[in-house]
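>>> Fold the following.
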Amino acid sequence: MTETRTGRGSGTWRNWAGNVTAHPVRTVTPASTEELAAAVRAAAGEGLAVKAAGTGHSFTAVAATDGVLIRPDRLTGVTGLDRAAGTVTVAAGTPLRRLNETLSAHGLSLTNMGDIMVQTAAGATSTGTHGTGRDSASLAAQIRGLELVTADGSVLRCSAAENPEVFAAARLGLGALGVVSSITFAVEPEFLLTAREEPMSFDRVTGSFDELVADNEHFEFYWFPHTDRCNTKRNNRTEGPAAPLGRVSGWIDDELLSNGLFKVACALGRAVPAAIPGIARVSSRALSGRTYTDIPYKVFTSPRRVRFLEMEYAVPREAAVEVLRELKATVERSDLRVSFPVEVRTAPADDVPLSTAYGRDSAYIAVHMYQGTPHQAYFTAVERIMTAHEGRPHWGKLHSRDAAYLSGVYPRYGEFTALRDRLDPGRVFGNDYLRRVLGA
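The predicted structure follows:
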């Protein structure tokens, strides 16, 4: 086990967006479940808190600690693949890119995933990472088993048949119940998706929202504030043949336009906020329609190189259009200048206690601000709309909600906190963020 003692300097940990920093007493990189358990026991014996941090793609301080920081860089790789059962088991620190590439090499695939794959398996599931889907839910809902190191260093193997009450909650556990050391996902034979990307007006998308969701396996869209323009994406299974994006055309759309020129536009908007509405009108027309067919992870995911801050709420799906219209009206009647598009996705109801889609079909509405741009006024205005519709904030994205609010929008919230009291009564895995959202 590699261990590094740190101080307030070279040992500073920062998340991807740069808005969260932590100064752990030491950083540990275990190479096995046994080494991980030993690190937890040692920290608990010293009275130090323990948190695990993957690639830092959460915008909240969910993984921050001034105690012992677990980095899962050496807890990686596929450790089991069962075709008959339709499952794959991976170590917690395995990047989603590596998982998907390995699955593809074996002719297998996850059913659904989010729009980036730099996250670790445990980091993505523990905070509720999701994609968009009419019938297929978040990564956490695709878990069939997991291994959890608890506060006393015990190792619990959890599934629907073994420690089922822990399994139910720990699929999306916020790092509050223990440190996940491995995860077993459901997989299926690899398939092809045809992606159809098409510009639409705001009124057309919102007026046809229910139909677009019902008629497509995976539907999402981006609305460009200060305009009436959206860009839609519909992904559906197909028999093929594969027709992937050309290397040049893909680079132009995904790298030059969506990352390179978009970053320049955002930087200009940060320097001259008054120019943002004009920039938005130009940006909203830059991406034209396109259709392509490829294996799932190459369709679901896109490169994200422009850094930003993000807030996302899940609202009841039936409230989505009303929420979006309220959001558009708020931007139009205010002095807000928003250079990033608003992202809208959906998910079916699931049974994961702290899932933002628990018990209800949901629409996800995400707002962003370019790194270094004041975001508080915009995010506060958005949050006011979301909470009026019983919105549930994404656990890994910025929000101001606390235990009093969250206990009212999650039917099984009390069940989760009672399990936390049982597994971690001394709050070995606690930090300021968990104290706010789960209580002391």
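>>> Report the secondary structure state of Asn231.
strand (DSSP: H, G, I helix; E, B strand; the rest coil).
>>> Show the contacting residues for it.
Going by Cβ atoms under 8 Å, 6 or more residues apart in numbering, Asn231 touches 197-200, 221-222, 224, 284, 287, 341. Where C-beta positions appear, they are placed from N, C-alpha and C, glycine not excepted.
>>> Please pick the buried ones from these.
Neighbour-count burial (16 or more other Cβ atoms under 10 Å) applied to these gives 197, 199-200, 221-222, 224, 284, 287, 341.
>>> Now, the residues you listed that are in strands?
Applying DSSP state E to those, the entries found in strands are 197, 199-200, 221-222.
>>> Including pLDDT and distance to Glu239, could those go into a markdown table?
Formatted as a markdown table, those follow (pLDDT from 0 to 100; distance: Cβ to Cβ, whole Å):
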| residue | pLDDT | distance to Glu239 |
| --- | --- | --- |
| Glu197 | 96 | 21 |
| Pro199 | 96 | 27 |
| Met200 | 96 | 27 |
| Phe221 | 98 | 26 |
| Tyr222 | 96 | 29 |
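>>> returning to what we had before: how about the buried ones among the contacts of Asn231 in JSON lines, adding distance to Met117?
Below are those laid out as JSON lines (distance: Cβ to Cβ, whole Å):
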{"residue": "Glu197", "distance to Met117": "19"}
{"residue": "Pro199", "distance to Met117": "26"}
{"residue": "Met200", "distance to Met117": "27"}
{"residue": "Phe221", "distance to Met117": "21"}
{"residue": "Tyr222", "distance to Met117": "19"}
{"residue": "Phe224", "distance to Met117": "25"}
{"residue": "Ser284", "distance to Met117": "27"}
{"residue": "Leu287", "distance to Met117": "21"}
{"residue": "Pro341", "distance to Met117": "21"}
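>>> Grab the two from the residues you listed that are most spread out in space.
The span of the buried ones among the contacts of Asn231, defined through Cβ to Cβ, is set by Glu197 and Phe224 at 14.3 Å.
>>> need the strands for the stretch 201-350 of the chain, in chain order.
218-223, 229-238, 290-294, 308-316, 342-347 (DSSP state E, counting those that start in this stretch).
>>> out of these, nearest to Ile183?
For the strands of the stretch 201-350 of the chain, the distance to Ile183 is smallest for strand 342-347, at 19.3 Å, taking Cβ to Cβ.
>>> Run the angle between the closest one and strand 308-316 for me.
Calculated by axes from the mean of the first three to the mean of the last three Cα atoms, to 10 degrees, strand 342-347 forms an angle of 40 degrees with strand 308-316.
>>> Quick check: what element follows strand 342-347 along the chain?
strand 362-370 (DSSP states H and E).
>>> Centre of the chain to that next one, how far?
Offset of strand 362-370 from its chain centre (Cα atoms, centre = their mean, to the nearest Å): 11 Å.
>>> Show me the domain layout of the chain.
Listed by automatic domain parsing, the domain ranges of the chain are 2-70, 78-189, 192-294+306-393.
>>> Straight-line length of the last one, end to end?
If I follow you right, that is domain 192-294+306-393. One end of domain 192-294+306-393 to the other measures 32 Å (Cα to Cα, to the nearest Å).
>>> ditto for the shortest one
Its start and end residues considered, domain 2-70 measures 10 Å (Cα to Cα).
>>> would TSV of the strands of the stretch 201-350 of the chain with distance to Trp13 be doable?
Output for the strands of the stretch 201-350 of the chain, formatted as TSV (distance: least, Cβ to Cβ, whole Å):
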stretch	distance to Trp13
strand 218-223	31
strand 229-238	34
strand 290-294	36
strand 308-316	18
strand 342-347	27
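>>> Which of those sits closest to Arg144?
Proximity to Arg144 (Cβ to Cβ) singles out strand 342-347 among the strands of the stretch 201-350 of the chain, at 18.5 Å.
>>> list the buried ones in the closest one?
For strand 342-347, the neighbour count (16+ other Cβ under 10 Å) marks 342-347 as buried.
>>> and it, which strands flank it?
strand 218-223 (antiparallel), strand 362-370 (antiparallel) (DSSP bridges).
>>> Tell me which of those lies nearest to Gln119.
The nearest among the strands paired with strand 342-347, by Cβ to Cβ, is strand 362-370 at 15.8 Å.
>>> Show me what secondary structure element comes after the closest one.
Going down the chain from strand 362-370, the next helix or strand is helix 376-388, by DSSP H and E.
>>> still on that earlier bit, in TSV, list the buried residues of strand 342-347 along with distance to Ala49 and pLDDT.
Formatted as TSV, these follow (distance: Cβ to Cβ, whole Å; pLDDT from 0 to 100):
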residue	distance to Ala49	pLDDT
Val342	36	98
Glu343	33	98
Val344	37	98
Arg345	34	98
Thr346	37	98
Ala347	32	98
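>>> so which of those residues comes closest to Glu162?
Of all those, Ala347 has the smallest distance to Glu162: 27.0 Å, by Cβ to Cβ.
>>> Am I right that the closest one is in contact with Thr129?
No: with contact defined as Cβ atoms under 8 Å, Ala347 and Thr129 do not form a contacting pair (11.2 Å).
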